[in-house]
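Asker: Here is the input, now give the coordinates:
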Amino acid sequence: MFEETIIQELKQNNISTDGEKTMQRTEELWKGASKENKETIERLAGVARSTVQRVYKTGSISAKLVVSIAQTLDVDPRYLTGEVDERGNCSDDMLREFLIAKGYKKLIDETKKGSKKRRKDKEIPVSNDVSIQPAQSLPDNNTGDGDDAEKETTSESIVNQEIEVSSNTKAFMDNMTEDEMILLMRSIMLRAKAGIGCAVEQAEKLKTLLLS
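Answerer: Coordinates of the predicted model:
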């Protein structure tokens with residue numbers, strides 16, 4: 001199914017082919033939906049409840065609302081626009097075909113490319129193992145030189161491992177998709193809203209960076 005970041009890229013113009021059917025069917029589906037499903041539809045489409053209610057008063061419905069309702073309530077998107085009379089079911093392939101028919105082929109192609117890239121990114125190993133390897137054996141003596149040598153060897157091991165982790169992390173960051181970046185920012189803002197100390201500081205830095 002489509003994520004909210006994709007759905008909210010859809011236009012808000014009316015795509016209904018039969019206003020009367022759109023009014024009747026949207027009202028029936030909406031009033032029969034659970035509170036959780038209604039909230040999901042609003043979140044996916046990025047609209048207020050009044051926007052949904054306006055559909056079954058005017059008969060006009062946007063692609064973003066059709067897709068949000070169809071995939072949440074498992075109904076054929078064409079049923080909402082009045083193109084078919086069977087409620088049917090919803091599937092990823094059906095939504096793609098529906099959106100391509102409505103002029104969103106470019107967006108669908110970009111979504112497919114993004115999905116393939118995300119799958120590829122997941123295969124990139126990111127090592128978080130920063131455990132300190134034991135220092136090589138040193139001569140058994142208690143001289144100050146021996147202690148200094150051991151500290152130097154341990155420090156070198158730590159530095160080398162930190163460089164390796166930084167390199168892997170950079171590789172992961174360089175290959176992040178736009179959707180993953182947005183999810184990361186939302187995660188930071190949500191943690192900050194919950195009052196988590198480090199996240200609050202990160203959120204402030206993020207806001208400063210975005211506004212600079």
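Asker: mind listing the strands for this structure?
Answerer: With DSSP state E as the criterion, the chain has no strands.
Asker: worst-scoring helix or strand of it, pLDDT-wise?
Answerer: Within the chain, confidence by mean pLDDT, DSSP states H and E is lowest for helix 144-174 among all helices and strands, at a mean of 55.
Asker: list the buried ones in stretch 14-23?
Answerer: For stretch 14-23, burial by neighbour count (16 or more other Cβ atoms under 10 Å) applies to 14-16, 19, 21-23. Just so you know, the C-beta spots here come from the backbone N, C-alpha and C atoms, and that holds for glycine as well.
Asker: Turn those into TSV, including pLDDT and distance to Ala48.
Answerer: Below are those laid out as TSV (pLDDT from 0 to 100; distance: Cβ to Cβ, whole Å):
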residue	pLDDT	distance to Ala48
Asn14	97	18
Ile15	97	20
Ser16	97	20
Gly19	96	21
Lys21	97	24
Thr22	97	19
Met23	97	19
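Asker: now, which of the residues you listed sits nearest Arg186?
Answerer: Ile15 (28.4 Å; Cβ to Cβ).
Asker: Test my guess that the closest one contacts Val67.
Answerer: No. Using Cβ atoms under 8 Å, Ile15 is not in contact with Val67, being 10.3 Å away.
Asker: how about the nearest residue to Lys105 once chain neighbours are set aside, what does it touch?
Answerer: Once flanking residues are discounted, Lys105 sits nearest to Leu99: 7.9 Å by Cβ to Cβ, 6 or more residues apart in numbering. Contact partners of Leu99, counting by Cβ atoms under 8 Å, 6 or more residues apart in numbering, are 10, 63, 67, 105, 107-108.
Asker: Also Asn13?
Answerer: Here Asn13 is in contact with 62-63 (criterion: Cβ under 8 Å, 6+ apart).
Asker: how is this structure carved up into domains?
Answerer: Following automatic domain parsing, one finds the domains of the chain at 4-106, 131-174, 176-212.
Asker: Any idea which of these gets closest to Lys113?
Answerer: Comparing those by Cβ to Cβ, domain 176-212 comes nearest, at 9.5 Å.
Asker: model confidence over that closest one, on average?
Answerer: Domain 176-212 comes out with an average pLDDT of 71.
Asker: for the residue lying closest to Leu107 once chain neighbours are set aside, phi and psi?
Answerer: Computed as Cβ to Cβ, 6+ apart, the closest residue to Leu107 that is not its neighbour in sequence is Glu9, at 6.2 Å. Per-residue torsions, Glu9: phi -80, psi -10 (degrees, to the nearest 10).
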